[in-house]
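[1] with the input below, show me the fold.
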Amino acid sequence: MLADNTHYLIIAAKQRHELTRSKAIQALRELDRTGAPVTFRTVAQQASVSSSWLYTQPDIRAETDRLRTTARHTTEPSVPARQRSSETSLQRRLETANSRNRQLAEENSRLRRQLAEALGRLRLADEREPDKSAPAPAPASRSSVTIGPCRPTLLRPPTASLRTSSPTRPPWSGAPQQSAAQDNARP
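    Okay, the predicted model is just below:
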C-alpha cells in the first residue's frame, strides 16, 4: 500500500497561495508608489496572476477598488500614497494662505490711506503757497480721476447734420428716403 502524501500537497498549495498573494500585494504597492493606474488587469499583469483569482481575494479586491476610485477622481496623474498631502496639512496651508491674504489686504488699505493723505497734503500746500517761478498747473492736473487705460470715444457726426430739409436722405445713411415732415417728426 502507498503512503498518504496529501499533506505535502496541501502544504505546497498553501505556500503557492501565499506566494501568489504576496506578489499581488507587492504589485498593488508598486503601482500605487509609481502613480500608475490601478486596475484589476494591471495588477494581474504586474503580479503574473489571473484577474479572476484577484476577484476571489476579498482584501486584495477591496484595496484594488479603493486605489482605483481614488485615482479616478483626479484629472492629474495620481500621486503615490506616500507623497499625498494629509487633511491636516492641507488645512494648515489654507489657513496660512488666508492669513497672508488678510495681511496683504490690510497693507493695501494702509498704503491707500497714506497715499490719499500725502496727495491731500500736496494739494493743500499747492493751494496755500503757489510757486511764482513755475507756470500755474492746468486745472486738469488736479483732477481726482483714477489713472488707468484710456477709453476711446466714438466719433459720431452731429444728429442735425444727418437731418436735412430736403425730402431725400444722404446716400450714406442707409435709411429709406422720407419726406421732410417725417424727418422733422423724429426726436
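
[2] hmm, residue 42 and residue 36 touching each other?
    Yes - at 6.7 Å, residue 36 counts as touching residue 42 under the criterion of Cβ atoms under 8 Å. Glycine gets a C-beta too; all of them are placed from N, C-alpha and C.

[3] lowest-scoring secondary structure element of this structure by mean pLDDT?
    Ranked by mean pLDDT, DSSP states H and E, the weakest helix or strand in the chain is helix 159-162, scoring a mean of 49.

[4] just the helices in the chain please.
    Under the criterion DSSP state H, the chain contains helices at 6-34, 40-47, 51-56, 58-72, 87-128, 159-162, 180-185.

[5] and the ones you listed, which one is worst for confidence?
    Among the helices of the chain, helix 159-162 has the lowest mean pLDDT, at a mean of 49.

[6] just the helices of the chain: most buried one?
    Mean neighbour count (mean count of other Cβ atoms under 10 Å) peaks for helix 40-47 among those, with a mean of 18.

[7] CA atoms only: put it into CSV for me.
    What follows is helix 40-47, C-alpha atoms only, in CSV (Å, rounded to 0.1, in the frame of the first residue of the first chain):
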residue,chain,number,x,y,z
PHE,A,40,-7.5,44.5,-11.9
ARG,A,41,-5.9,44.0,-15.3
THR,A,42,-2.7,46.0,-14.4
VAL,A,43,-2.4,44.3,-11.0
ALA,A,44,-2.8,40.8,-12.6
GLN,A,45,-0.2,41.6,-15.3
GLN,A,46,2.2,43.0,-12.8
ALA,A,47,1.9,40.1,-10.4
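
[8] got the helices of the chain as a markdown table, with distance to residue 80 columns?
    Shown next, in a markdown table, are those (distance: least, Cβ to Cβ, whole Å):
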| stretch | distance to residue 80 |
| --- | --- |
| helix 6-34 | 5 |
| helix 40-47 | 15 |
| helix 51-56 | 21 |
| helix 58-72 | 10 |
| helix 87-128 | 15 |
| helix 159-162 | 71 |
| helix 180-185 | 79 |
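
[9] so who does the nearest residue to residue 48 once chain neighbours are set aside touch?
    Nearest non-adjacent residue to residue 48, counting by Cβ to Cβ, 6 or more residues apart in numbering: residue 23, 6.7 Å away. Shown in contact with residue 23 (Cβ atoms under 8 Å, 6 or more residues apart in numbering): 47-49.

[10] could you count how many residues lie near residue 39?
    Taking other Cβ atoms under 10 Å as the criterion, the count of residues near residue 39 is 15.

[11] wait, what's in contact with it?
    Residue 39 touches 64, 68, counting by Cβ under 8 Å, 6+ apart.

[12] for it, phi and psi?
    phi -130, psi 170 (degrees, to the nearest 10).
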